[in-house]
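Trainee: pasted the sequence and its predicted model underneath.
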Amino acid sequence: MKKGERIFFIVTGVLAVLATASTLWRTLGREEPRQIKDYYEWSDAAIRGYEIYKQMGCKNCHKALRMGESGVAPVLDGEGTRRNKDWLTDYFHNPLTWVTDSAHAGGMAPDFRELEEKDRELLIEFMRALKSNPGSSNYPRPPEGR
Ligand code: HEC
């Protein structure tokens, strides 16, 4: 090998090593920010609403705060992002406003039309505390006609 060739190979080799090292450095050094998918905005009313939620056995059908049943009824984590206060107020006064044959209007689930106004307000505040971010499976998807 000529001297010139040797220098050429050494320089190319050094450059290749440097390029690999810098790529590795950037890849390994970059820490993905951990995405928070569901989160909660607690207020006094929301905490009291959660107490009622527990007393009334809502978790026997629903999942919220990552606890309870899923499959029977919608997951309620993210409910406060998916639904606004008007929707929830209407639904808790008369579920039939939004859902024909609602389980919550004389079906197997507690009849929201029979709730005391105070309890209804607290439950609504609990629902509004259950938030989600994009990336969560509980983040709103296009409406299904209701
Ligand atoms: C026996 C099962 C059952 C129980 C217990 C139950 N639910 Fe439900 N819930 C359902 C079903 C089924 C739906 C689906 C929509 C409908 O039928 O109105 C639903 C829907 C909902 C929705 C609307 C979700 C949405 O965004 O579409 C809310 C809010 C809700 N329930 C809150 C509650 C609360 C609060 C309690 C306790 C007081 C409770 N549920 C107890 C079965 C249940």
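Mentor: Received the coordinates, thanks.

Trainee: for this protein, what spans make up the helices?
Mentor: Listed in chain order, the helices of the chain (DSSP state H) span 3-29, 44-55, 79-82, 85-93, 117-129.

Trainee: who's in contact with the shortest one?
Mentor: Contact with helix 79-82 is made by 41, 64, 88, 127, 128, 129, 130, 131, 132, 138, 139, 140, as judged by CB atoms under 8 Å, 6 or more residues apart in numbering. Glycine gets a C-beta too; all of them are placed from N, C-alpha and C.

Trainee: so which bits of this structure are right by the ligand?
Mentor: 53, 56-58, 60-62, 72-74, 79, 82-83, 95, 99, 102-104, 108-110, 123, 127 (CB under 6 Å from any ligand atom).

Trainee: okay, now residue 121: neighbour count?
Mentor: 16 (other CB atoms under 10 Å).

Trainee: deepest-packed of the helices of the chain, please.
Mentor: Stretch with highest mean neighbour count among the helices of the chain: helix 79-82 (a mean of 22; mean count of other CB atoms under 10 Å).

Trainee: just how off-centre is that helix within its chain?
Mentor: Chain-centre distance of helix 79-82: 8 Å, with CA atoms, centre = their mean, to the nearest Å.

Trainee: want to try TSV for the contacts of helix 79-82, with pLDDT and distance to residue 9 as columns?
Mentor: Shown next, in TSV, are the contacts of helix 79-82 (pLDDT from 0 to 100; distance: CB to CB, whole Å):
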residue	pLDDT	distance to residue 9
41	97	62
64	96	65
88	98	71
127	98	69
128	98	67
129	98	65
130	98	63
131	97	59
132	95	56
138	89	57
139	89	54
140	84	59
